[in-house]
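Peer 1: Here's my sequence, what's the structure:
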Amino acid sequence: MTDQAHTLRSLNAGQPTPAIAADGRVTSVYSITSGKGGVGKTAVVANIAVALGRLGKKVLILDADLGLANIDVVFGLAPLYNLNHFFSGERDLTDIMVEGPGGLRILPAGSGVQSFITLDTAQKLRLIEGLDALHDAFDYVLIDTEAGISENVTYFNSAAQEIILVTTPEPTSITDAYALMKLMSTRYHEHHFNLVVNMVQNENEALEVYKKLTKVANRYLDVAIDYLGSIPADRQMNDSIRRQRAIVELHPNSKVAQAFTGLAARLCSELHPALPKGNIQFFWKKLLRLGSAPR
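Peer 2: Predicted coordinates for the structure are as follows:
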């Protein structure tokens, strides 16, 4: 099955190489999402971000769980402002941006406020324009969505270039992951997903999850699932969460940290077409500019 997963990933080699900006960077935007809570999605976001930073990449995390902020808590930060202040027009994105470990930047969400749990059209456009102004500042933007299939989840998944779906081997997690893919495929015309299987006992367990999702998706959906890798279950992860540190910093030689470093390296090796998906995306002006550039 390992060979099968590798073969499926290698199909991407036929995709066109993206045009490169004058500064040599193309900002890659990934939404990291899940069908249900409790799968460790935010920890996955935090550790991939830190791992990318350790690989020399400029990274921005957007906390898109607008009612229950978590990223700032994971890193032990206490921001003065958050996205609520941005959507209300009180602050710009640069005003609310805070620095995390290794120089990564974070746009923190608010917590316990219902005002922006569902963004309206004007707020969505404001965010797109605000991020567009940062188009030369980052190599990667990682969006930590809330769990489930809310309107905000579908918006952030649609506006990202790539979707990373986080699940665990638990049957309910797999079922909910499929439900999210089905919604994004049938209603929002998303046909490509990247899969990370968290909290596994071994790689074979993760590949079984990938096999199950691929089998049912091939039968009922018009989607492709790209297997990115797995994260082993480890008590050291709980320790890092309690200490509000990324495990790639706290226990860099652990199997978990090495798995996150491997995921970050795979993201760095990915090549994406510099073309919009057909809907409004973050950094869409840059995508249009790069897509029209000579190759």
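Peer 1: Please make it C-alpha for all contacts and neighbour counts, starting now.
Peer 2: OK.
Peer 1: Where does the prediction get shaky in this structure?
Peer 2: Residue ranges of the chain with pLDDT under 70: 1-25, 113-114, 272-279, 284-295.
Peer 1: For it, just list every one of the helices.
Peer 2: Along the chain, counting by DSSP state H, helices occupy 2-10, 41-54, 71-74, 83-87, 93-96, 121-132, 151-159, 171-186, 203-220, 235-242, 247-250, 255-269, 284-291.
Peer 1: what's the most buried one of those?
Peer 2: helix 41-54 (a mean of 24; mean count of other CA atoms under 10 Å).
Peer 1: neighbouring contacts of it?
Peer 2: 32-34, 58-61, 70-71, 74, 101-104, 142-144, 166, 241, 246-249, 257, 260-261, 263-265 (CA atoms under 8 Å, 6 or more residues apart in numbering).
Peer 1: can we see that at 6 Å?
Peer 2: 246, 260, 261, 264 (CA atoms under 6 Å, 6 or more residues apart in numbering).
Peer 1: what's the answer for stretch 69-82, then?
Peer 2: Stretch 69-82 is touched from outside by 96, 108, 109, 110, 111, 244, 245, with contacts defined as CA under 6 Å, 6+ apart.
Peer 1: Any idea what residue 227 is bridged to?
Peer 2: residue 195 (DSSP bridges).
Peer 1: I figured it was touching residue 195, is that so?
Peer 2: Yes - between residue 227 and residue 195 there is a contact at 4.9 Å, judged by CA atoms under 6 Å.
Peer 1: Against residue 41, how distant is residue 63?
Peer 2: 12 Å (CA to CA, to the nearest Å).
Peer 1: next one: residue 29
Peer 2: Distance from residue 29 to residue 41, by CA to CA: 16 Å.
Peer 1: what does residue 35 give?
Peer 2: Applying CA to CA, the value for residue 35 to residue 41 is 10 Å.
Peer 1: hang on, the earlier thing: and the contacts of helix 41-54 as CSV, adding distance to residue 205?
Peer 2: CSV is the format used below for those (distance: CA to CA, whole Å):
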residue, distance to residue 205
246, 24
260, 17
261, 20
264, 21
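Peer 1: among these, which two are most distant?
Peer 2: Greatest spatial distance in the contacts of helix 41-54: 246 and 264, 13.8 Å, computed using CA to CA.
Peer 1: Most neighbours of all the contacts of stretch 69-82, which one?
Peer 2: Scoring these on neighbours with other CA atoms under 10 Å, the highest-scoring entry is residue 108 at 29 neighbours.
Peer 1: Pull the contacting residues for it.
Peer 2: So residue 108 contacts 63, 82 (CA under 6 Å, 6+ apart).
Peer 1: Got phi/psi on it?
Peer 2: Main-chain torsions, residue 108, degrees, to the nearest 10: phi -80, psi 150.
Peer 1: Begin at 45, not 1, for the rest of this chat.
Peer 2: Sure, I'll start counting at 45 from here, so that last one is residue 152.
Peer 1: just to revisit the earlier point, list just the nearest of the contacts of helix 85-98 to residue 251.
Peer 2: The closest of the contacts of helix 85-98, once distances to residue 251 are taken by CA to CA, is residue 304, at 16.9 Å.
Peer 1: Could you check how far the residue nearest to the closest one when sequence neighbours are not counted is from residue 99?
Peer 2: Of all residues not flanking residue 304 in the chain, residue 92 sits nearest, at 5.7 Å (CA to CA, 6 or more residues apart in numbering). Distance of residue 92 to residue 99, given as CA to CA: 10 Å.
Peer 1: Likewise for residue 177?
Peer 2: 25 Å.
Peer 1: Residue 286 too?
Peer 2: With CA to CA as the criterion, residue 286 and residue 99 are 25 Å apart.
Peer 1: Residues in a beta bridge with residue 211, which ones?
Peer 2: Bridge pairing for residue 211 - DSSP bridges - gives residue 241.
Peer 1: Looks like it contacts residue 241 (just checking).
Peer 2: Yes - contact criterion CA under 6 Å: residue 211 and residue 241 qualify, at 5.1 Å.
Peer 1: Looking at the two, which is more packed in?
Peer 2: Comparing residue 211 with residue 241 by other CA under 10 Å, the one with more neighbours is residue 211, at 32 against 26.
Peer 1: check contacts around that one.
Peer 2: Neighbouring residues of residue 211 by CA under 6 Å, 6+ apart: 83, 217, 241.
Peer 1: Roughly how far does it sit from residue 171?
Peer 2: 28 Å.
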